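In: The sequence isn't on hand, but the structure is:
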């Protein structure tokens, strides 16, 4: 890692014995912002972060360029450089002093100058009712909004990342559940934005990587001494389960690559050093093809569900702008109150419809997955029978 050189446009640290937070760090969590962890932050882009007494305040300088984009921009990112994280539970408190106060938490960037499309931003905004409220995966999936505290009060934000599956909680309430397809390990960062500063404190993280179960298929795939037909015999049902996983659960990012490689290795092994009869190899190859097709269908369903869910969530954010624009001296307050009440009922109905749509999409996939499971189980049974009839098995 390169040496860190801090300039005026980089992180400003006030390290005159900052006081530790009064909130005790939970078991297993490591603080990223206390007396011993204030020197691990580095800024890119514009602005920076002032850290004093365990509280960080973001600020912005004149425009610069966004890493990897070449476009002029007004924001900056403050990266925690001492450690990258794979699976983690990140908890922090933030405070917005203005309705326009804007920031974000960046997740799993492979480097401080990586392309923005390789990592995610979880949005922080000073007020609710926006199309990208606090807890949104910026530009991808808005949050349900949750309940922000009053301006000037501290809010609690928690982000749990396990594989490609993310859960976001705002003040204890789940406001977003997102399945991604980008990097699964990297740096954590905080955004500096010109539309009002945001303060942070009690930033702490727990490494969950050790608690994440290994991926049997990927592990065995690295054992070159094991016959490929044995791999599919042992791990076929496991791969089937991954392919038919519910839409709101994460799957290994490399499962498709592993299966594609396994299928090609099966063909090579069958042609050059077969460990069974040709029928067994053909059925094994067909089995891999069917699992790959199921993965493609699941990904298409997930993308469709993500778009439709995002649209449904956006519909929840029906605001009062049009109503406020119509309010003038000709509209009585009783009339305004009635229309505002109707608007509130509409928002509640849209929220109910969004929740129903989410469940409907998951149920639809579950039905399709059950049909594919029967076909895959039948093909696997025929493959196993062919293996038992192979000369090598007798």
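Out: Nice, thanks for sending it over. Since the model is a prediction, treat every value here as computed from it, not as a measurement.

In: What is the neighbour count of the nearest residue to residue 266 once chain neighbours are set aside?
Out: Leaving aside its sequence neighbours, residue 266 sits nearest to residue 228 (CB to CB, 6 or more residues apart in numbering; 4.8 Å). Every residue, glycine included, has its C-beta placed from N, CA and C. Per other CB atoms under 10 Å, the neighbour tally for residue 228 reads 23.

In: Make sure residue 228 is actually in contact with residue 264.
Out: No - contact criterion CB atoms under 8 Å: residue 228 and residue 264 do not qualify, at 9.2 Å.

In: picking up where we left off before, pLDDT value on the residue nearest to residue 266, please?
Out: pLDDT for residue 228: 84.

In: again with residue 290
Out: So, for residue 290, pLDDT stands at 93.

In: Against residue 297, how distant is it?
Out: 11 Å (CB to CB, to the nearest Å).

In: Can you pull the residues that touch both of those two?
Out: Both residue 290 and residue 297 are contacted by residue 372, under the criterion CB atoms under 8 Å, 6 or more residues apart in numbering.

In: element containing residue 292?
Out: helix 278-316 (DSSP states H and E).

In: Could I get the phi/psi values of the closest residue in space to residue 172 that isn't next to it in sequence?
Out: Of all residues not flanking residue 172 in the chain, residue 156 sits nearest, at 6.8 Å (CB to CB, 6+ apart). Residue 156 adopts backbone torsions of phi -100, psi 130, taken as degrees, to the nearest 10.

In: Run a quick neighbour tally on residue 156.
Out: For residue 156, the neighbour count with other CB under 10 Å is 15.

In: Let me see the contact set for it.
Out: 91, 92, 93, 169, 170, 171, 172.

In: Quick check: buried residues in stretch 247-255?
Out: 247, 248, 250, 251, 252, 253, 255 (16 or more other CB atoms under 10 Å).

In: from these, which is closest to residue 113?
Out: Nearest to residue 113 among the buried residues of stretch 247-255: residue 253, at 22.4 Å, using CB to CB.

In: Give me the pLDDT value at that closest one.
Out: Listed pLDDT for residue 253 reads 67.

In: same check, this time on residue 322
Out: 50.

In: helix or strand for residue 157, which one?
Out: strand 155-162.

In: C-terminal to that strand, what's the next element?
Out: Taking DSSP H and E, what comes next after strand 155-162 is strand 165-170.

In: Can you classify the closest residue to residue 55 other than its chain neighbours by secondary structure?
Out: Nearest non-adjacent residue to residue 55, counting by CB to CB, 6+ apart: residue 201, 4.7 Å away. Secondary structure, DSSP: H, G, I helix; E, B strand; the rest coil: residue 201 is strand.

In: is it true that residue 201 touches residue 190?
Out: No - using CB under 8 Å, residue 201 makes no contact with residue 190, being 11.7 Å away.
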